[in-house]
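Q: any chance you can model this:
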Amino acid sequence: MPEKAQRRRLLLITASSPAIQKVRRARVLNFQQITMPYLAAFVPKQWEVTHIDEAITPVDVTRQVDLVAITFHTPSAPHVYELAAQFRKRGIPVALGGPHVTLVPDEAQAQADVIFVGEAELTWPRFLNDFETGQYAPRYVSESPPALDDAPMACKELYHRHDYTAGRLFATRGCAYGCDFCALAVMYQRKVRKRPVASVAEEYASFPGKVIIFWDDNLANDREYAKELFRAITPHRKWWSSQASIQAGEDEEFLELAARSGCKQLFIGLESISQASMNEVHKGFNRVENYARIIERIHAYGIAVQAGIVFGFDSDTETIFDETLDFLESAGVQNVTFNMLTPYPGTPLYRRLEAEGRILTRDWSKYNSREDVVFQPRHMEPDTLLEGYRSANRRFYSAESITRRLSHSPVGLWWSLPLNIAYTLAFRYHGK
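A: As a prediction, the model looks like this:
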């Protein structure tokens with residue numbers, strides 16, 4: 001009789017350090033990351049797979065497993081390295097992957113038995129096979145961005161976070177733009193890939209609940225593809241939200257089909273109301289003079305806008321905070337994610353600031369965009385940037401601003417008003 005295959009025990013960890021969890025408490029919406037439930041779909045059936053999302057459950061480092069794999073972002077790096085050391089001390093191999101590993105692979109290599117550089121559709125299955133033979137390499141590199149034609153559905157049973165959604169998936173990956181401050185251009189080499197529309201629609205329909213998140217970097221990269229997708233998911237009568245470049249708001253058919261298919265909100269990376277700031281980081285395709293008109297057009301289709309705003313560009317002075325808030329209120333923007341400019345390692349922005357001697361710390365735990373300024377701004381002190389960021393949150397989520405904004409553009413008022421109030425309370429108790 002053939003020998004029965006050995007049952008391997010794999011622990012997948014979506015890392016979130018205690019420090020970054022504290023920072024994120026002021027963010028009411030913290031959506032479940034998709035990476036580990038997705039990669040679990042590539043694991044051989046005979047393996048026993050467990051997933052821990054640290055935002056929900058702490059990691060038990062005494063757990064008996066054969067292999068640990070951890071995905072993480074830059075601010076969780078020191079925490080992850082400590083976790084890895086504890087498992088490795090017990091003789092358990094640790095594999096590390098995710099954005100930070102791709103940005104600084106040599107650093108991560110010293111902290112792990114195996115690292116994954118780039119995307120893992122091809123390298124992860126290869127490693128698992130090598131692991132079973134006991135002949136795995138210390139580093140697996142994705143030489144070119146993989147196609148997504150055969151991307152499987154993520155393992156739904158491995159989603160643990162209660163994030164007000166019924167499901168989350170991706171249709172596309174990557175962004176065609178190369179903004180200096182964005183790690184995506186480094187990670188995905190500015191190559192946009194798309195899953196077959198029919199496969200995405202099938203996964204979209206498979207979620208039993210109503211509210212869906214598309215975890216796409218820019219759903220409007222290929223607007224003709226997006227329109228085809230919207231037509232395919234319309235019959236399922238769900239609500240969805242995603243991320244898109246502002247160019248999506250120039251396309252009436254895109255907005256009409258998005259709204260008809262159930263789009264309730266788009267996250268738009270405005271980044272700054274200063275054209276000089278957009279030009280300096282190679283995001284000049286964001287034309288500031290068009291912002292108000294485009295936001296108004298998106299609202300006209302019943303779609304709310306969540307704007308992404310970054311403070312700290314070299315063109316920013318101390319007036320940028322009030323000027324930004326004045327614009328957001330006049331435009332009736334429903335929600336905003338404010339961040340302070342953060343030069344992630346490996347990006348053109350980091351290299352430039354490092355060459356100019358303006359990097360203040362290489363303690364990655366401080367690269368959180370919300371509590372620490374890690375570089376010297378050009379026209380203000382670090383403390384001024386931090387206080388300006390905090391004051392922007394306080395003002396935007398004040399009763400006066402909420403009333404002004406939502407009265408001007410009452411799109412989705414039945415849910416955007418409670419959400420704004422929730423942000424107000426969260427920032428009051430967890431912000432500064």
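Q: just grab the bridge partners of V305 for me.
A: On the basis of DSSP bridges, V305 is bridged to L266.
Q: again, but for the one 4 residues further on
A: Under DSSP bridges, the beta-bridge partners of I309 are E271, F338.
Q: run a quick neighbour tally on it.
A: Burial of I309 is recorded as 23 neighbouring residues (other Cβ atoms under 10 Å). (Each C-beta comes from the backbone N, C-alpha and C, glycine too.)
Q: contacts only, for it.
A: With contact set as Cβ atoms under 8 Å, 6 or more residues apart in numbering, I309 has these partners: 270-272, 324, 328, 336-339, 392.
Q: drop anything exposed from those residues.
A: With burial judged by 16 or more other Cβ atoms under 10 Å, the buried subset of those is 270-272, 324, 328, 336, 338-339, 392.
Q: what's the closest of those to P145?
A: E271 (24.2 Å; Cβ to Cβ).
Q: columns pLDDT and distance to E252 on top of the contacts of I309, output as TSV?
A: Formatted as TSV, these follow (pLDDT from 0 to 100; distance: Cβ to Cβ, whole Å):
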residue	pLDDT	distance to E252
L270	96	20
E271	97	24
S272	97	26
T324	98	27
L328	98	24
V336	95	25
T337	93	26
F338	95	30
N339	96	30
A392	97	32
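Q: give me the three-state assignment for S241.
A: Three-state assignment for S241 (DSSP: H, G, I helix; E, B strand; the rest coil): strand.
Q: isn't it right up against I268?
A: No: S241 is beyond contact range of I268, at 11.4 Å (criterion: Cβ atoms under 8 Å).
Q: okay, and the common contacts of these two?
A: Q306.
Q: out of these two, which sits in the busier spot?
A: I268 (24 against 21).
Q: show me what contacts that one?
A: Contacts of I268 (Cβ under 8 Å, 6+ apart): 243-246, 248-249, 295, 298, 305-308.
Q: again, but for G302
A: 259, 264, 411-412.
Q: pLDDT of stretch 129-142, averaged?
A: For stretch 129-142, mean pLDDT is 96.
Q: give me the residues contacting it.
A: By Cβ under 8 Å, 6+ apart, the surrounding residues in contact with stretch 129-142 are 6, 8, 44, 67, 93, 105, 109, 113-124, 126-127.
Q: ok, R358 to V373 distance?
A: Going from R358 to V373 by Cβ to Cβ, to the nearest Å gives 11 Å.
Q: who has more neighbours, those two?
A: A direct count of neighbours by other Cβ under 10 Å for R358 and V373 places V373 higher, at 23 against 15.
Q: returning to that earlier point: ok, which pair from the contacts of I268 is furthest apart?
A: The span of those, defined through Cβ to Cβ, is set by Q243 and I295 at 15.5 Å.
Q: neighbour count: those two, which is higher?
A: Neighbours were counted for Q243 and for I295 using other Cβ under 10 Å; I295 has more, 24 against 20.
Q: so which strand or helix has that one?
A: If you go by DSSP states H and E, I295 is part of helix 291-300.
Q: tell me which strands and helices that helix is in contact with?
A: Applying 3 or more Cβ pairs under 8 Å, 6 or more residues apart in numbering; DSSP states H and E, we find helix 291-300 packed against helix 252-261, strand 263-271, strand 304-311, helix 320-331.
Q: show me where this structure has strands.
A: Under the criterion DSSP state E, strands of the chain are mapped to 9-14, 48-53, 67-71, 94-97, 114-117, 139-141, 167-169, 172-173, 193-194, 211-214, 239-244, 263-271, 304-311, 335-340.
Q: for N368, find the nearest of those.
A: Nearest of these (Cβ to Cβ): strand 335-340, 8.9 Å.
Q: which other helices and strands contact that closest one?
A: Here strand 335-340 touches strand 304-311, helix 382-396, helix 413-430, going by 3+ Cβ pairs under 8 Å, 6+ apart.
Q: what's the offset of the shortest one from the middle of its chain?
A: Averaged C-alpha coordinates place strand 304-311 at 14 Å from its chain's average position (Cα atoms, centre = their mean, to the nearest Å).
Q: hmm, back to that, wait, which of the strands of the chain is closest to T347?
A: That would be strand 304-311 among the strands of the chain, by Cβ to Cβ, at 13.2 Å.
Q: hey, C-alpha coordinates of the closest one in PDB?
A: Output of strand 304-311 as PDB, limited to C-alpha atoms (Å, rounded to 0.1, in the frame of the first residue of the first chain):
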ATOM      1  CA  ALA A 304     -20.100  58.800  -1.600                       C
ATOM      2  CA  VAL A 305     -16.400  59.900  -1.600                       C
ATOM      3  CA  GLN A 306     -13.800  58.900   0.900                       C
ATOM      4  CA  ALA A 307     -10.800  61.000   0.100                       C
ATOM      5  CA  GLY A 308      -7.200  60.100   0.800                       C
ATOM      6  CA  ILE A 309      -5.200  63.100   2.000                       C
ATOM      7  CA  VAL A 310      -1.500  63.300   2.800                       C
ATOM      8  CA  PHE A 311       0.200  66.100   4.700                       C
END
